[in-house]
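Asker: Have a look; sequence and predicted model below, questions after that.
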Amino acid sequence: MKVLIPSNISEAESVTKYGLDELDKLVEHFKMHLPQKENARSEFQTYKRLVKGSFSKMSVTQVLRILVKGNYQHCYAPKVLCCHSHDQCTVRKRIQHTKQNKV
């Protein structure tokens, strides 16, 4: 789960290549919670760009709150992975509710 930590992303030499192998392992492990696991890599790229550009000094929990409250529907996989890493069942329900309301 270290792959999701903003400071790790910010310090990476290549943000584009950062964490892809780890992400693949996480996606495989949590695939039952990811309705479109094939989008996970592109969503992770979006997550990394957001973190690097605006959220580099924040914790995973702080970034997760922003993603859930904001209109970041292209970061669904990172939201799910962050939720599972913090075992926040209520946040998972809120994300699902938000996603259903946007459809």
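Answerer: On my side now, so go ahead. Model, not experiment: these values are computed from the prediction. Residues are numbered from 1 along each chain as shown.
Asker: how about the helices of this protein, start to end?
Answerer: 6-11, 20-29, 40-50, 60-69, 76-86, 89-102 (DSSP state H).
Asker: Quickly, which of the ones you listed bottoms out on average pLDDT?
Answerer: When mean pLDDT is averaged over each of the helices of the chain, helix 89-102 scores lowest at a mean of 58.
Asker: ok, the most centrally placed residue in the chain - contacts?
Answerer: For the chain, the residue sitting closest to the mean C-alpha position, by Cα atoms, centre = their mean, is residue 78 at 1.6 Å. Taking Cβ atoms under 8 Å, 6 or more residues apart in numbering, we find residue 78 in contact with 4, 43-44, 46-47, 67. Quick note: C-beta positions are derived from backbone N, CA and C, even for glycine.
Asker: who wins for neighbours among these?
Answerer: residue 47 (28 neighbours; other Cβ atoms under 10 Å).
Asker: Columns distance to residue 54 on top of the contacts of residue 78, output as JSON lines?
Answerer: As requested, the contacts of residue 78 are exported to JSON lines (distance: Cβ to Cβ, whole Å):
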{"residue": "4", "distance to residue 54": "15"}
{"residue": "43", "distance to residue 54": "16"}
{"residue": "44", "distance to residue 54": "16"}
{"residue": "46", "distance to residue 54": "12"}
{"residue": "47", "distance to residue 54": "11"}
{"residue": "67", "distance to residue 54": "11"}
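Asker: out of those, who's nearest residue 24?
Answerer: Proximity to residue 24 was ranked across the contacts of residue 78 by Cβ to Cβ; first place goes to residue 44, at 9.7 Å.
Asker: The closest one contacts residue 23, correct?
Answerer: Yes - the pair residue 44 / residue 23 is scored as a contact, 5.1 Å apart, by Cβ atoms under 8 Å.
Asker: can you count the residues close to residue 39?
Answerer: 15.
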